[in-house]
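Chemist: All I have is the shape, not the residue letters:
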């Protein structure tokens, strides 16, 4: 299955508690810098925790600089929407500025994967049904906003190497394997920089 992108109305996607907390942190940071008053903080916090969609959250902080926010659209994203880039046999590119890009189902894993996402961007890679002919795969990360997420789903026994990832701001790599890697484990070697969250999830293969 090829990469899939969300429709242009991605700002209507439902927000979660973690998204509201990030906006609240942005507002508190803005108070500390003197950009908004305490009264404005209380008013905006009320709107934040009542918000249901990414669009409503985005409107609350639209006039504030956010840590890691992109100053201008990335090349290839003139409207701030995900534009799929052509793949090659050796490199898979999963790039989005503010939408969602996914690689699911059966697919052949190349030796290199390039992942880029910005404000509200989400990239998901599911390796559960993927065909991986390589013992090691390089995953190059560039998450330019703390509102960006990368979700990686791998079988139990795979190895994730994330020591080459630079985490800045609130960037975090969440990787908690349930056990040691298998003797013939595939290794995903992460590198690059993230200001957002990298989530690694381990699953059991179904027979």
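Modeler: Yep, that arrived. Computed from a prediction, not measured in an experiment: that's the story for all the values here.
Chemist: do you know how far the residue sitting nearest the centre point of the chain is from residue 201?
Modeler: Nearest residue to the geometric centre of the chain (CA atoms, centre = their mean): residue 149, 1.9 Å. Distance of residue 149 to residue 201, given as CB to CB, to the nearest Å: 12 Å. Just so you know, the C-beta spots here come from the backbone N, C-alpha and C atoms, and that holds for glycine as well.
Chemist: Equivalent analysis for residue 108, please.
Modeler: Distance of residue 108 to residue 201, computed by CB to CB: 21 Å.
Chemist: more crowded one of these two?
Modeler: Ranked by neighbour count (other CB atoms under 10 Å), residue 108 and residue 201 place residue 201 first, with 14 against 10.
Chemist: How about that one, nearest residue that isn't a chain neighbour?
Modeler: Once flanking residues are discounted, residue 201 sits nearest to residue 153: 4.9 Å by CB to CB, 6 or more residues apart in numbering.
Chemist: Where does the one you found fall, secondary structure wise?
Modeler: strand 149-155 (DSSP states H and E).
Chemist: Run through the helices of this structure in chain order.
Modeler: 17-32, 38-50, 54-60 (DSSP state H).
Chemist: closest one to residue 175 among these?
Modeler: Proximity to residue 175 (CB to CB) singles out helix 17-32 among the helices of the chain, at 17.5 Å.
Chemist: which residues are contacting that closest one?
Modeler: 36-38, 41, 44-45, 48-49, 51, 54, 57, 60-61, 64, 66-67, 146-147, 170 (CB atoms under 8 Å, 6 or more residues apart in numbering).
Chemist: Buried ones among those?
Modeler: Buried subset of the contacts of helix 17-32 (neighbour count, 16 or more other CB atoms under 10 Å): 36, 41, 44-45, 48, 51, 54, 57, 60-61, 64, 66-67, 146-147, 170.
Chemist: quick one: least confident of the residues you listed?
Modeler: Comparing pLDDT over the buried ones among the contacts of helix 17-32, the lowest score belongs to residue 67 (53).
Chemist: okay, residue 162: pLDDT?
Modeler: You'll see residue 162 listed with a pLDDT of 96.
Chemist: so it sits right up against residue 190, yeah?
Modeler: Yes: with contacts counted by CB atoms under 8 Å, residue 162 reaches residue 190, the gap being 4.5 Å.
Chemist: Find the residues that touch each one of those two.
Modeler: 173, 198.
Chemist: Mind checking which of the two has more residues around it?
Modeler: Taking neighbours as other CB under 10 Å, residue 162 and residue 190 compare with residue 190 leading, 24 against 18.
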